[in-house]
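**Student:** Sequence first, predicted model second:
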Amino acid sequence: MTATALWVRRPAHERVGWLRTVDHKEIGVLYVGMGLVFFALGGIEALVLRAQLATPQARLVDPDVFNQLFTVHGLTMILLAVVPLLVGFANYLVPLMIGAPDVAYPRLNALSFWLSLVGGIVLYFSFVAGGAPNTGWFSYPPLAERAFAPTPGVDYYILGLAVNGAGTIIGAINLAVTILLMRCPGMAISRVPLFVWMTLITAILILGAYPALTAALVMLFVDRQLGGRFFDPAGGGQPVLWQHLFWFFGHPEVYIMVLPAMGMISEVIPVFSRKPIFGYAFVAGSSVAIAFLSFSVWAHHMFAVLGDSENAIFSATSMLIAIPTGVKIFNWIATMVGGRIRLTTAMLFAVGFIAMFVIGGLSGVSLAVVPIDLAVTDSYYVVAHLHYVLFGGTMLGAFAGAYYWFPKMTGRLLDERLGKLHFWLTFAGFNLTFLPMHWLGVVGMPRRVFTYPESTGWGPLNLAATVGAALLAVAMVVFFANVVRSLRSGDIAGDDPWDGFTLEWATTSPPPPGNFAAIPAVTGRRPLWDRKHPERRDQT
Amino acid sequence: MRPPAEAIGDLSLVVGAIALVIFVGVEGALVYAVWRYRDTRGLAGEAARFERNRPLEIAWTAAPALVLAVVFVLMLGTMAEIGGASADPGVRVRVIGHQFWWEFRYGDVVTANELHIPVGTPIDLELTSADVIHSFWVPELGPKRDVVPGATNRLRLLARRPGGYEGQCAEFCGIEHAWMRLRVVAQPHAEFDAWLRAEGSPAAVRGTEGERVFLANICVNCHAARGTEARGSSGPDLTHVGARATLGAGVLPNDVARMRAWLDDPQRHKPGSFMPRVPLEDAELDALAAYMAALR
């Protein structure tokens, strides 16, 4: 069925099909496309921020524009780039991996995509409707109240995030029901690929976390538009309440963004090591532990406002979450040990994920230590930490997934030479950008400042970070060029270019509507391996 | 009592050393695994099949737990120490955060953006905000603490050596967050006492042309200069503004020329601050700048 292929130039009446499609693969592609467009926008915003900070007391952008840009950069990358990218991959892959013809609720699936996209458009519309939100991605009241933020930016923030969140919540219900109810015969929950496991956990996290954000947004809307006083101390309100609600969403959100990427490399590493994953039960089980713990760590974002006893408790839970995370890293390395590792671009990015995520994880533990957090919170140390987790971790994982599954989605391979160039430029640019930020934070550079005095001595490291950001931009140009070129003239992939283990490689590239000619039946965790090697069938 | 910043520094070194060992171990294992087991022959099929090793997996779950338990106990000790329950404060200062400057109150003595403290004495800051959430941070002296409207948070500082320490607001608080800086001046006791006496005295010059310009314009709606009729309280107290090191919470060094430039157009130097441009003649600006510089 080449008609579903991405690169085929459709006749006009069929192009409208993208608007009304309910096919999980097309919706998955729409999500990924949305994620990439917003990733590019968020990246351009970041480049402007880095240009302004390259030298002390620069006057490249106006302070208010700077504040709008860092607010929208954070919102874009988190809610409009990373989450749609990951949800897009999940949409595309989950039914294929569990041997299902589609998701449980295909129409709802379309609704969730369009809500997510409209939420993003509403947020960006603020740029031409009186100014984007300029209060930071977490928009703490009272600063976000109308008295201090009179432009409509925060109202677009409320509306955009609420609509986008509704889409994400509906999508999570759909994915969870699909995974729980639509697995093919023999696909016990203990046999589903780890990417599917992580997607299930992510969906549950979304269902627990996003409603807290929606509630907080409604309260802020009441404050701003209907004269409410939820967060206004002058009216008996409590500004810190917002922080509890926001971070009750905000910290699980981190795992929502990391777990699917962990799932991706849990597929990539075994295939390119030519071994089954080491410790499937521990990798899956540790994710369940992370999910539980992630709802008990939110106040580590608030150490500077809470008292010692609360801080000690939230410090303990935050440290605990390092244990299941560490387990995963050991399991991935143990999967490689004894293998025959093929260093494809996908595998390079997966290894890069582990290497960078270790750094983000260790700095994360240091931030769970209350006195250290009180020294470096709200400084560039945190900017470094979160980018090691979300770029060094999630985005490198997503690139691993992109190189791995692009052939399935399009029928053509991404170019490996451009891919390796993309990887090494990313690796160098990323570390040059974010490694110096650790030190900047330790010596006192706060986050969210549009400039800094020369006397601070922060200039050289900021310049290094800006050069790194430019390098990252070049890396992304290489990636987009690779995508465009490979869509048109990449090598034909065939059904199973990597000698894969899981069901998505058992159908055509791209798969036909309905995915499989017949619903497969499986007897193990690596159904395609079993089919190719009946004599060496898995025993699980 | 040790300065809190030193206690945090020591804890950071211990945690950093543990993190470094883990970093080298894990990254080393990763690089070794990739290099040692890289495929050189392009063989198809399966390399090996070992999928689990329960004792090993339990061990690498338990080992980090033990390390974290040690870190947690060390942390509790440092938290108790920097909380400073053991020592009485020598000086209490009420700190009020404003968009985008700091107010410091030593009893009735009010000043702005420059916090003078005696060395070797624990200082208790009582932090609150007049508007949005700010955060008080002087990296070399202690941890940071959020400054929340409607609440009073406490922070203990201690400086061992005399000198100037740079700090600033660490919680994003609006358009000029970047220029909500502050400076701590740690002084020997006698010097601090003298400073506090001087700071408590009324304005040093009276009856000048500059004073007339100051009192005749909207300056007095927001600013106070003790000893004059100017009693505004929403802007920094100017009784001894000439003695401070910077203007606009750090945006300009404080001398007569910069003072004049600042008064001429604050929005040029700190766009978004609440100080408006007051239309004044050149001669009035000269007189006003000279007057402000003389308020020492």
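**Tutor:** Cool, the structure landed.

**Student:** rest of the way, CA atoms for contacts and neighbours
**Tutor:** Fine.

**Student:** B:Pro279: how many residues sit nearby?
**Tutor:** Applying other CA atoms under 10 Å in any protein chain shown, we find 12 residues neighbouring B:Pro279.

**Student:** hmm, I was thinking of B:Gly25
**Tutor:** Counted with other CA under 10 Å, B:Gly25 comes out at 11.

**Student:** What residues sit buried inside the host helix or strand of it?
**Tutor:** Element membership for B:Gly25, per DSSP states H and E: helix B:4-36. Residues of helix B:4-36 classed as buried by neighbour count (16 or more other CA atoms under 10 Å in any protein chain shown): B:4-9, B:11-12, B:15, B:19, B:22-23, B:26-27, B:29-30, B:33-34.

**Student:** Also stretch B:106-116?
**Tutor:** For stretch B:106-116, by 16+ other CA under 10 Å, it's B:106, B:109-116.

**Student:** Can you show me the CA trace of that stretch as CSV?
**Tutor:** As requested, the backbone C-alpha atoms of stretch B:106-116 are provided in CSV (Å, rounded to 0.1, in the frame of the first residue of the first chain):
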residue,chain,number,x,y,z
TYR,B,106,17.5,47.5,60.7
GLY,B,107,14.8,48.5,63.2
ASP,B,108,13.9,52.0,62.1
VAL,B,109,17.0,52.4,59.9
VAL,B,110,16.0,51.8,56.3
THR,B,111,18.3,51.4,53.3
ALA,B,112,18.3,49.7,49.9
ASN,B,113,20.2,47.3,47.8
GLU,B,114,23.3,47.3,50.0
LEU,B,115,23.2,45.1,53.0
HIS,B,116,25.9,45.9,55.6
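
**Student:** Which pLDDT value goes with the residue nearest in space to the middle of chain B?
**Tutor:** The structure's chain B has its C-alpha centroid closest to B:Trp137; by CA atoms, centre = their mean the separation is 2.7 Å. As predicted, B:Trp137 sits at a pLDDT of 97.

**Student:** before we move on, could you check phi and psi at the residue nearest to it when sequence neighbours are not counted?
**Tutor:** Leaving aside its sequence neighbours, B:Trp137 sits nearest to B:Lys144 (CA to CA, 6 or more residues apart in numbering or on different chains; 4.5 Å). Per-residue torsions, B:Lys144: phi -100, psi 160 (degrees, to the nearest 10).

**Student:** who touches B:Lys144 in this structure?
**Tutor:** For B:Lys144, the contact set (CA atoms under 8 Å, 6 or more residues apart in numbering or on different chains) comprises A:304, A:374-375, B:135-138, B:155, B:170.

**Student:** What is the neighbour count of B:Gly142?
**Tutor:** Neighbour tally, B:Gly142, other CA under 10 Å: 25.

**Student:** And for the one 4 residues further on?
**Tutor:** Residues within reach of B:Asp146, counting by other CA under 10 Å, total 28.

**Student:** so which helix or strand takes in it?
**Tutor:** strand B:145-147.

**Student:** So which elements touch the helix or strand that that strand is followed by?
**Tutor:** Where DSSP H and E defines the elements, the next helix or strand beyond strand B:145-147 is strand B:153-157. Here strand B:153-157 touches helix B:54-83, strand B:123-129, strand B:145-147, going by 3 or more CA pairs under 8 Å, 6 or more residues apart in numbering or on different chains; DSSP states H and E.

**Student:** Save those as a markdown table, and put in mean pLDDT and distance to chain A too.
**Tutor:** Shown next, in a markdown table, are those (pLDDT from 0 to 100; distance: least, CA to the nearest CA, whole Å):
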| stretch | mean pLDDT | distance to chain A |
| --- | --- | --- |
| helix B:54-83 | 93 | 6 |
| strand B:123-129 | 95 | 11 |
| strand B:145-147 | 97 | 5 |
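
**Student:** most packed of those?
**Tutor:** Mean neighbours per residue, mean count of other CA atoms under 10 Å in any protein chain shown, is largest over the helices and strands packed on strand B:153-157 for strand B:145-147, with a mean of 28.

**Student:** Neighbouring strands of it in the sheet, and parallel or not?
**Tutor:** strand B:134-136 (antiparallel) (DSSP bridges).

**Student:** wait, what's in contact with B:Leu141?
**Tutor:** B:3-5, B:157-159, B:165.

**Student:** just A:Val382 next, same as before
**Tutor:** By CA under 8 Å, 6+ apart, the neighbours of A:Val382 are A:376, A:438, A:441.

**Student:** How about B:Arg54?
**Tutor:** B:Arg54 touches nothing, counting by CA under 8 Å, 6+ apart.

**Student:** Against B:Thr61, how distant is it?
**Tutor:** Separation of B:Arg54 from B:Thr61 (CA to CA, to the nearest Å): 10 Å.

**Student:** which one's the longest helix in chain A?
**Tutor:** helix A:239-273 (DSSP state H).

**Student:** Mind giving me the packing neighbours of it?
**Tutor:** Right, helix A:239-273 is packed against helix A:83-97, helix A:194-226, helix A:280-294, helix A:322-336, helix A:345-368, helix A:396-410 by 3+ CA pairs under 8 Å, 6+ apart.

**Student:** what about those, which gets the closest to B:Pro271?
**Tutor:** Of all the helices and strands packed on helix A:239-273, it is helix A:194-226 that lies closest to B:Pro271, at 25.0 Å by CA to CA.

**Student:** I'd like the average pLDDT over that closest one.
**Tutor:** The average pLDDT within helix A:194-226 is 98.

**Student:** Could you list the low-pLDDT ranges of the chain?
**Tutor:** Since no chain was named, I'll use chain A. Along chain A, the parts satisfying pLDDT under 70 run over A:1-15, A:540.

**Student:** I was after chain B.
**Tutor:** B:44, B:84-87.
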